[in-house]
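# Sharing a model that was predicted from the sequence below.
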Amino acid sequence: MYCTGGIRCEKATAYMLHLGFKEVYHLDGGILRYLAEVPPDDSLWEGECFVFDKRVAVGHGLQPTATFRLCYACQQPVDAADMQSPLWEEGVSCPHCHASKSAEEKERARARQQQFQRWGAVGGPGVSMFNRLL
């Protein structure tokens with residue numbers, strides 16, 4: 001198990017020790033510090049690390065990866081297979097949330113997505129006009 005270096009690590013460690021695990025270790029600074037500082041050739045890390053921002057997933061050097069994007073309707077990460085699904089509509093729905101969104105919700109999301117595309121807001125919701133002008 002790993003986490004990014006927050007309170008979940010502390011809670012998980014205490015729980016694992018309580019369950020009787022004898023060898024429980026922490027990465028100083030969490031996995032994000034490890035990915036930032038350990039060169040890929042020296043690293044034991046394989047794959048991508050989910051992060052809670054627009055990057056969605058990062059690899060070594062904390063560089064965003066191109067494998068995942070974020071569904072702005074449900075905030076779930078979506079991969080290439082999800083984006084090939086007929087249930088994927090950027091800014092509107094994905095296979096994870098399509099069935100839970102009403103027609104009205106999808107129509108509002110389409111209108112919002114069209115505004116983002118019209119105004120050139122990169123990254124979808126959360127990008128304010130003020131930030132774009134800076």
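Yep, that arrived.

# these two touch, right, residue 55 and residue 67?
No: the criterion here is C-beta atoms under 8 Å, and residue 55 misses it with residue 67 at 11.4 Å. (Each C-beta comes from the backbone N, C-alpha and C, glycine too.)

# what residues go with each domain of the protein?
Domain segmentation of the chain under automatic domain parsing yields 7-62, 69-121.

# With mean neighbour count added, can I get those in JSON lines?
Output for the domains of the chain, formatted as JSON lines (neighbours: other C-beta atoms under 10 Å):
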{"stretch": "domain 7-62", "mean neighbour count": "13"}
{"stretch": "domain 69-121", "mean neighbour count": "15"}
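
# Kindly format the C-alpha coordinates of stretch 87-104 as CSV.
C-alpha atoms of stretch 87-104 as CSV (Å, rounded to 0.1, in the frame of the first residue of the first chain):
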residue,chain,number,x,y,z
LEU,A,87,-20.9,6.7,-22.7
TRP,A,88,-17.9,9.1,-22.7
GLU,A,89,-18.7,12.7,-23.6
GLU,A,90,-16.1,15.2,-22.6
GLY,A,91,-17.3,17.4,-19.8
VAL,A,92,-20.7,15.6,-19.7
SER,A,93,-20.3,11.9,-18.6
CYS,A,94,-18.2,8.8,-18.6
PRO,A,95,-18.9,5.1,-18.2
HIS,A,96,-18.7,5.5,-14.4
CYS,A,97,-21.4,8.1,-14.1
HIS,A,98,-23.5,8.1,-17.4
ALA,A,99,-26.3,6.1,-15.8
SER,A,100,-26.5,8.3,-12.7
LYS,A,101,-26.9,11.6,-14.6
SER,A,102,-30.3,12.8,-15.7
ALA,A,103,-31.0,14.1,-19.2
GLU,A,104,-31.2,17.6,-17.7
